[in-house]
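A.B. asks: Show me the folded form of this:
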Amino acid sequence: EAERLEKERTEQEERERLEAKVKVGAFSVWLYFPFKNSHQWEHYTDCNGSPDPMIPQEINTFMSLWREKRNEDIKLVMENGKHVLMLIEKLEYQLLDMPVLELCEKEVVQYQDSIMELRSLLHQKYNEATEDLLKKASTFADSDSGNMEVLIRDENVTFCIWANLKKNPRYINGFDLPKLLAMCDVAIRILHTHYDHVSPLRRIPTLTLKVEPPENKELLTVLYDVKEEREQEQKNDEEDRLSPQKETHLEEPPKPGETKTERRKLSLLHMDNDREEQMADEDTVDLRQYTPVGGVYHVDALKLPPQARHIKGWTMVELLEEGLETYPYPPETEDTEDDSSQPIGLTVKLLDSVIYFEEPLVARWHSEGKLWRIDGITDVKYKMKDKEVYFKMAAFYTITLLQDAHLNMPYQSWELRPNGTDEALLTVLTAFTEVQIQIKVNQCMLASVTIPEESQETELLSHLRGKWMTPLGLTIALKTAGINIFPAEYSHKYVSVNKKLPATELAAYQQIALVASAFAFGWSKWNLECGEDRVIFKVSEHLKEGPVQDEDWSLYMFNSQRAQRLRITEHSEAFSEDLAERTEFHSTLFHMIKDFATEAAVEKVKCTHYLFIDAVFQLLFAIRVLTYS
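C.D. replies: Presented below is the predicted three-dimensional model:
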C-alpha cells in the first residue's frame, strides 16, 4: 500500500510539473486568412458582357430589358435561363460564403430581393414560351393521336406539353386525366425544373467561418450576429459570463452599453434557438428535417388558346389580353357529375443525378402558407429500381420529392489522409454510403461514392466526379445530389450528437488542418468517453501513398488549450487519460506531434500552402466529424 501511494504521489507530482510547464509556454496559434472578395476581379476578367448581380443598377437593367422582349422561342428562353441561373448562383454563393461581419443587412436584403426577382422573371418567361407553343399546338400534332405532344429538355429544365386537340380520352399517355378534362379545350404542362425555386430562401446562417485572433490565451470564439434572443436567460447572464466553460453558450440579450462586437462573441455550434417555423399540422413538411431533391414538378392544366389559322399565305392568331390562363380543376360549381372530381394520376421519373437512399416523400406546394404539404397526394407507388414514382393528386399542384436530411447522420467513422503535396483524401462512412473527397490546395473534388448494398460498382454521381470546385461549391452540389453530410445549426434536434464544447471542436479542426499535409487523422471510439470539453482522435505520420496501417495509429486528446498523447490504444479495454510514456503536455497539437515526427514531416508541415489549410478546415467544419460521428 505504501508503494502504491508513493507511486501515485510521484505520478501526481510529474503531472503537476508538466501542467505548470505547459502553462508557462501556453499560446494558441491559428492562421486566419482574411476573406477577400475576389468577385469583382473575376467578373472583370470574364469580360463576357454579363451584368454584375451584386450591383443593383446592372441587374435591374438586365431584368428590365429581358422583361420587355416578347415572343421569344422556347429554345432561346431556355438558353437565357442558363444565364439567369448563373446569376442566381453567384448571389447565393455571395450570401453563403461572405462572413456576416463583411456583409451588411442592406446587402443581404438587396441580394435576396434580386434572387426572388430573377426567379419570378425566369418562370414568367417559361409561361410566355408555353403560351407561344400552345398558339401553334396544331403544328405539333402527333400523327397517331392527333394531339399536341412536345418534349423539350436541357440540363436544367424539362418541358412536357400535351394539348387536347382531338377530345379523345383514349389518346392520353403518361398521366391519368379525368374524363371531364378529356373532352375540353385543355392543355397539360409538366415543367420539371431540376432546381428548386419554390422553397423559401435559405436563412442566412448566424455562424460564420471568420475567426478573429484571440485577444487573450483562452478560448477562441466565432463571430456572428444574434437576431433572436430569449428573455428568460437574463436571470443567469452574469453567472454565465463568469463561467469559462459557459462562455461559449451565452444566448443573453444585449446589455446596455455593450458593443456590437461583444454581442457577437457567442456560441460556435450548440444553438438551441426556437424554431422559426412552427409546424401548423402533421401534413406540413418540416424543411429542417426534410430537404427537396431532384427539383420541382410544376403540373398545370391550361386553357388552350385560339389556334393559328393559315389563310392565303397569311398566319392569323387571335391575341388574348389575359395571356396564359389556368384551367380550374376541380370545378368550383357544385352541380357537376361525380367524375368531375376524379384525381389526376402522374408518373415521374427520378433524376439520375440524384441518389435516393429511401423512398422519397411526395409533397405539394401550398402557395398561401409558403410551405410544402403532403395532403392531397394519394395512392403513392414506388418503383425505385426503375426510378419511378406514381401518385394521384386531388388537383393540379406543384410537386417535389423530399428526403430525410439526416439519414446519413451520425457517421460511422471518418479518416483524413495526406495524399501528396498540399493534397489529402477525406473519407466519411455512413450507414448508407462511403463518400471520399479529394482536396488539392483550395479545391475539392468528389472522388467516389459507394453504396455497400450494391452488388457491382456503379457510376454514381458521374456528373460530379472529377469536377474540381470550392469547398462551399462541393457542399451545395452534394446536398443537391441527395448526399447530405453537412449538419445545420438545428441538426442536433434530429440526430444523436456526441456533444462537445464549441471552442474545443473549433480549435481541433484548426489544429488538424495545420498539420494535415503530413499526418493522417481518424475516428476513435474513445471520443465518446472523454467528455464535452475534450476530443480524441487517431493520429499517424503519413508521408507515403496508401492506407494507414492499424499499428501505426496513436491516440491524442485535445481540449483547445492542451494536447497530449494517450497511453491507451483503440483496442484497450477501458478508457484512461494517462499520458504515454516519455511524453509531455503541449499547448498545440503541432508541438505535441513534433515530439514524435520526423524532420521530413515537420518540414512538409512548414511548407504547406495556406489555402490548403483553409480548405481542410472548411470541410472539417462543414461536416463536423468530431460531433456527428
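A.B. asks: Which residue ranges of the stretch 51-200 of the chain form helices?
C.D. replies: 56-68, 74-97, 105-135, 179-182 (DSSP state H, counting those that start in this stretch).
A.B. asks: how close does residue 387 sit to residue 448?
C.D. replies: According to C-beta to C-beta, to the nearest Å, residue 387 stands 21 Å off from residue 448. Bear in mind the C-beta positions are built from the backbone N, C-alpha and C, glycine included.
A.B. asks: Using a markdown table, lay out the helices of the stretch 51-200 of the chain together with mean pLDDT.
C.D. replies: Converted to a markdown table, those look like this (pLDDT from 0 to 100):
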| stretch | mean pLDDT |
| --- | --- |
| helix 56-68 | 94 |
| helix 74-97 | 92 |
| helix 105-135 | 92 |
| helix 179-182 | 80 |
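A.B. asks: Of all those, which one comes closest to residue 321?
C.D. replies: Proximity to residue 321 (C-beta to C-beta) singles out helix 105-135 among those, at 12.2 Å.
A.B. asks: ok and that closest one relative to helix 56-68, angle-wise?
C.D. replies: If you take axes from the mean of the first three to the mean of the last three C-alpha atoms, to 10 degrees, helix 105-135 sits at 10 degrees to helix 56-68.
A.B. asks: Return, as residue ranges, the portions of the stretch 251-400 of the chain with sub-threshold pLDDT.
C.D. replies: Low-confidence segments of the stretch 251-400 of the chain (pLDDT under 70): 251-280, 333-340.
A.B. asks: Would you mind putting the helices of the stretch 51-200 of the chain into a markdown table with distance to residue 356 alongside?
C.D. replies: Shown next, in a markdown table, are the helices of the stretch 51-200 of the chain (distance: least, C-beta to C-beta, whole Å):
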| stretch | distance to residue 356 |
| --- | --- |
| helix 56-68 | 35 |
| helix 74-97 | 23 |
| helix 105-135 | 25 |
| helix 179-182 | 31 |
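A.B. asks: So for residue 399, which of those helices sits nearest?
C.D. replies: With respect to residue 399, and counting by C-beta to C-beta, the nearest of those is helix 105-135 at 15.4 Å.
A.B. asks: residues of that closest one that come out buried?
C.D. replies: Buried positions in helix 105-135, judged by neighbour count with 16 or more other C-beta atoms under 10 Å: 110-112, 114-115, 118-119, 121-123, 125-135.
A.B. asks: likewise stretch 367-378?
C.D. replies: 371, 372, 373, 374, 377.
A.B. asks: out of those residues, which are inside strands?
C.D. replies: Using DSSP state E, 371, 372, 373, 377 are the members of the buried residues of stretch 367-378 that sit in strands.
A.B. asks: low-scoring pLDDT stretches of the stretch 501-629 of the chain, where are they?
C.D. replies: In the stretch 501-629 of the chain, no residues with pLDDT under 70.
A.B. asks: hey, where'd the strands end up in it?
C.D. replies: 519-522, 535-541, 554-558, 563-565 (DSSP state E, counting those that start in this stretch).
A.B. asks: Can you convert those into a markdown table and add a column each for distance to residue 425?
C.D. replies: Formatted as a markdown table, the strands of the stretch 501-629 of the chain follow (distance: least, C-beta to C-beta, whole Å):
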| stretch | distance to residue 425 |
| --- | --- |
| strand 519-522 | 9 |
| strand 535-541 | 14 |
| strand 554-558 | 20 |
| strand 563-565 | 24 |
